[in-house]
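Engineer: Fold the following, please.
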Amino acid sequence: MLAVGRAAFGSPGPTHVGLIVKTEDGELGLLQALDPHFKMKPTPRIRRGVRPGEVCWTPDLVNYLREYDGRIFVRPFRGTLPADASRRLTTWARHQVGKPYGLHKLGLPPIGLPIQSLHLGGPAQIEGDSWFCSELVASALVVTRHLSPWHVRPSRTDPEDLFTDRLLNLRSAWEAPLLWSASIPESSKTPPRLEVARPQFVELTIQNPTQHTYRLTLNGEFIADLPPYHEVPIRGIAGRVTLRAKPLRSTAGEQLLTGDVTEDTNWSLSQ
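Structural biologist: Numbers count the residues shown, from 1 in each chain. Here you go, the predicted structure:
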C-alpha cells in the first residue's frame, strides 16, 4: 500500500510520501524518510518509530496519521503482494532504517515539476547512504519490481510522480489516491474510513508588473523572489490561497492577495 502525504495549495502538490511495509512478524508500519525539520510532536504512545532526520519505520498507523497536519492520501495496492516480493521489500526496508535523510538531495527532484530522464550509466541504484522521501519509495518499487530500474530515476522522482501517474504510471498495481479520514472515535475498533479523493491540480501564475522585487509566500510557505516584470507559475491542489508579497530593497508596501483558486488563474501585483 502506497501512502502519499499531505497535499495542499501553498506547496506544489504533495510534499511527502511513504510506503506501508510489514516486518517479518507481520506488523505493518510506514517506511519513510523524515525531514529533520519535521514538526509533528507525537504523543508518547506513538513516539516509537518517529525519528526526524532519518529513515524510520513508524508503527501504530491510525494514531500516527490522526496527528498528521494536513490532508493525507492513500493508494491501496490492487490485490496481494506476492510472497517473494514482500520478503524482498521487508529485507531491503530493514537495511534502510536509520540511514540519514538526504537533505542535500532536496533540490534534485524539482518539486511540482516532475522529471524523469533517460539513463546514461546503467539501471537505477537502490542502495544509498541517505534518502529523500520519494527517492526511497521509488527505490522500494524497484525492489518489488513494480518499476523498472531502467525506466525510473529515484533521485529525480518527485512525490507528485507517485501521486498523479503523469510520468510514473502506477495504475496497473495501485488504486487511485483515496483521502484518509480520522473521523472515527479513538476508542472505535472500526478501521479508518477512506473517502474517494478527486484532487484537482491547478496552476496559479503570479505576475509582477512593477519595478520592485517581491518575496512571495503562499499560505505561509516561501515560494520565490519575483524580479521586476517577471512572472512565476505555481502548481498545487485547488483550494484557498493567501499570497503575501513583501518588497525587497525598496520602500514599496507589502501586498496581500487571497481567494479560492479552483482553476488555472493569473494574479497580478499592484503597481
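Engineer: Please report the distance of T157 from H151.
Structural biologist: 11 Å (C-beta to C-beta, to the nearest Å). The C-beta positions use only the backbone N, C-alpha and C, and glycine is treated the same way.
Engineer: Neighbour count: these two, which is higher?
Structural biologist: T157 (29 against 13; other C-beta atoms under 10 Å).
Engineer: you'd agree that one is up against E135?
Structural biologist: Yes - T157 is in contact with E135 according to C-beta atoms under 8 Å; the separation is 6.0 Å.
Engineer: Sketch out the low-pLDDT regions of the stretch 151-271 of the chain for me.
Structural biologist: Within the stretch 151-271 of the chain, the segments meeting pLDDT under 70 span 181-200.
Engineer: Helices along that one, start to end?
Structural biologist: Secondary structure of the stretch 151-271 of the chain by DSSP state H, counting those that start in this stretch: the helices cover 161-164.
Engineer: Run me through the strand neighbours of the lengthiest strand in the chain, direction for each.
Structural biologist: Of all segments of type strand in the chain, defined using DSSP state E, the longest is strand 239-248. Take DSSP bridges as the rule and strand 239-248 pairs in its sheet with strand 213-218 (antiparallel), strand 255-261 (antiparallel).
Engineer: Could you list the paired strands of the helix or strand encompassing G18 along with their orientation?
Structural biologist: For G18, the host element (DSSP states H and E) is strand 17-22. Applying DSSP bridges, strand 17-22 is found paired with strand 2-4 (antiparallel), strand 28-33 (antiparallel).
Engineer: Least confident of those strands, on average?
Structural biologist: Lowest mean pLDDT within the strands paired with strand 17-22: strand 2-4, at a mean of 54.
Engineer: Can you report how many residues lie near E24?
Structural biologist: 9.
Engineer: quick check, it in a helix?
Structural biologist: No - read with DSSP: H, G, I helix; E, B strand; the rest coil, E24 is coil and lies in no helix.
Engineer: who touches the strand holding G18?
Structural biologist: 1-5, 28-32, 57-58, 61, 86, 89-90, 93, 133-134, 136-137, 140-141, 159, 162-163 (C-beta atoms under 8 Å, 6 or more residues apart in numbering).
Engineer: Can you give me the buried ones in it?
Structural biologist: Within strand 17-22, the residues that count as buried by 16 or more other C-beta atoms under 10 Å are V17, G18, L19, I20, V21, K22.
Engineer: would CSV of those with pLDDT and distance to V50 be doable?
Structural biologist: Listed next are these as CSV, based on pLDDT from 0 to 100; distance: C-beta to C-beta, whole Å:
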residue, pLDDT, distance to V50
V17, 89, 16
G18, 91, 12
L19, 92, 16
I20, 89, 15
V21, 89, 16
K22, 85, 18
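Engineer: Turn the residues you listed into a markdown table, columns for distance to R171.
Structural biologist: Putting the buried residues of strand 17-22 into a markdown table (distance: C-beta to C-beta, whole Å) gives the following:
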| residue | distance to R171 |
| --- | --- |
| V17 | 16 |
| G18 | 20 |
| L19 | 17 |
| I20 | 18 |
| V21 | 21 |
| K22 | 23 |
